[in-house]
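A.B. asks: just coords:
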């Protein structure tokens, strides 16, 4: 008999903030120019988006933010604790986000992968995502630091 517990995907609760930020640090997602706490605050102010965490034995082992602007969906901060990677949990989080966005009528998801991150590119390619020819542009409107 297999007694292994399966993780649960639940909505983010602000009591998880410290654990989520630590997870993002462990996964190399944080950057000096993006304050993760401000990113969380901005997401919590988004009435249409989703912010989900994966918990196992009351411990946060994954997270993801999903948004939809009426034209395209977006995924941010997909993360799985390095000790739990390669167990299919990232795929489960993405399946959850895709179902969430489909439920909102979202026709397509856009996401970003940093240059040189070949493992993550392969992860998304294995899920059916493909690299596109558009070049993202950005402009910071509100500095985090």
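C.D. replies: Cool, got the structure. Since the model is a prediction, treat every value here as computed from it, not as a measurement.
A.B. asks: The strand of greatest length in the chain: how far from the chain's middle?
C.D. replies: Taking DSSP state E as the criterion, the chain has its longest strand at strand 59-68. Put simply, strand 59-68 sits 5 Å off its chain's centre (Cα atoms, centre = their mean, to the nearest Å).
A.B. asks: Which phi and psi values does residue 10 adopt?
C.D. replies: The phi/psi pair for residue 10 (degrees, to the nearest 10) reads phi -130, psi 160.
A.B. asks: And residue 96, by the same measure?
C.D. replies: phi -60, psi -50.
A.B. asks: do the one 4 residues further on as well
C.D. replies: When quoted as degrees, to the nearest 10, the phi and psi of residue 100 stand at phi -60, psi -50.
A.B. asks: what's near enough to touch it?
C.D. replies: 50, 52, 66 (Cβ atoms under 8 Å, 6 or more residues apart in numbering). Any C-beta I mention is one placed from the backbone N, CA and C, and that applies to glycine too.
A.B. asks: Export those residues to JSON lines and append columns for neighbour count.
C.D. replies: Listed next are those as JSON lines, based on neighbours: other Cβ atoms under 10 Å:
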{"residue": "50", "neighbour count": "21"}
{"residue": "52", "neighbour count": "18"}
{"residue": "66", "neighbour count": "29"}
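A.B. asks: Out of those residues, which comes closest to residue 89?
C.D. replies: residue 52 (11.8 Å; Cβ to Cβ).
A.B. asks: Surely the closest one is in a strand?
C.D. replies: Yes: under DSSP: H, G, I helix; E, B strand; the rest coil, residue 52 falls within a strand.
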